[in-house]
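Visitor: task: produce atomic coordinates for the following.
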Amino acid sequence: MFLNNSFGRTVDILHRAMDVSMLRRSVIANNIANVDTPHFKRSTVNFEAQLKRAFQSQIPPALDAKMTDERHISFFQPIDHRSVGPKRVLDFLSTTDANGNNVDIEEESIHMLKNQLNYQLLTRVISNQFTQITMVTRS
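Guide: Presented below is the predicted three-dimensional model:
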């Protein structure tokens with residue numbers, strides 16, 4: 001009923017963001033658990049940049065490009081936000097310890113707190129979305 005409108009899209013994006021937040025929590029916990037493991041490389045989760053790229057791809061270009069042949073590649077190729085998923089990325093570029101480990105416990109703790117606050121914010125936003133729908137349907 002609500003899946004093909006802005007409410008459905010918003011709830012879908014919030015749901016995906018909450019899933020990514022849970023994955024990020026697991027990745028950060030894994031990083032913290034391996035803080036003393038020699039040659040361990042920390043991981044991060046990349047999602048927001050890809051989602052932003054998908055949203056920006058849905059805006060048509062200012063120039064109206066004409067294709068002269070159907071075999072040409074289209075100038076406007078929007079990316080569906082539902083096709084975007086989180087990617088786990090290993091950080092091979094930095095080294096913090098002499099043993100080759102690049103996990104900084106203070107930095108990971110800050111990431112964990114930030115992720116927890118972000119998840120709490122997402123739960124409040126999605127709760128508010130459903131509260132608004134409930135108010136509308138009761139009227």
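Visitor: next, count neighbours for the residue nearest to residue 123 when sequence neighbours are not counted.
Guide: Counting by Cβ to Cβ, 6 or more residues apart in numbering, residue 123 lies nearest to residue 18, which is 7.2 Å off, once chain neighbours are set aside. (C-beta placed from N, C-alpha, C; glycine too.) A count of nearby residues for residue 18, using other Cβ atoms under 10 Å, gives 16.
Visitor: residue 18: which element?
Guide: In the assignment (DSSP states H and E), residue 18 maps to helix 6-33.
Visitor: return the distance of residue 55 relative to residue 84.
Guide: Shown here: residue 55 relative to residue 84, a distance of 9 Å by Cβ to Cβ, to the nearest Å.
Visitor: do the same with residue 60
Guide: Noted for residue 60: a distance of 19 Å to residue 84, by Cβ to Cβ.
Visitor: settle it for me: which of these two has more neighbours?
Guide: residue 84 (20 against 10).
Visitor: could you check how many residues crowd around residue 29?
Guide: Residues near residue 29, counting by other Cβ under 10 Å, number 12.
Visitor: enumerate every residue touching it.
Guide: By Cβ atoms under 8 Å, 6 or more residues apart in numbering, the contact list for residue 29 reads residue 112.
Visitor: try it again with 10 Å
Guide: Going by Cβ atoms under 10 Å, 6 or more residues apart in numbering, residue 29 touches 108, 112.
Visitor: confidence score at it?
Guide: Looking at residue 29, its pLDDT is 97.
Visitor: cool, residue 1 as well?
Guide: Looking at residue 1, the pLDDT reads 48.
Visitor: next, the residue positioned nearest the centre of the chain: phi, psi?
Guide: Nearest residue to the geometric centre of the chain (Cα atoms, centre = their mean): residue 47, 3.0 Å. In terms of degrees, to the nearest 10, the main-chain angles of residue 47 are phi -140, psi -50.
Visitor: ok, it to residue 86 distance?
Guide: Residue 47 sits at a distance of 4 Å from residue 86 (criterion: Cβ to Cβ).
Visitor: what is in contact with these two at once?
Guide: Shared contacts of residue 47 and residue 86 (Cβ under 10 Å, 6+ apart): 16-17, 19-21, 23-24.
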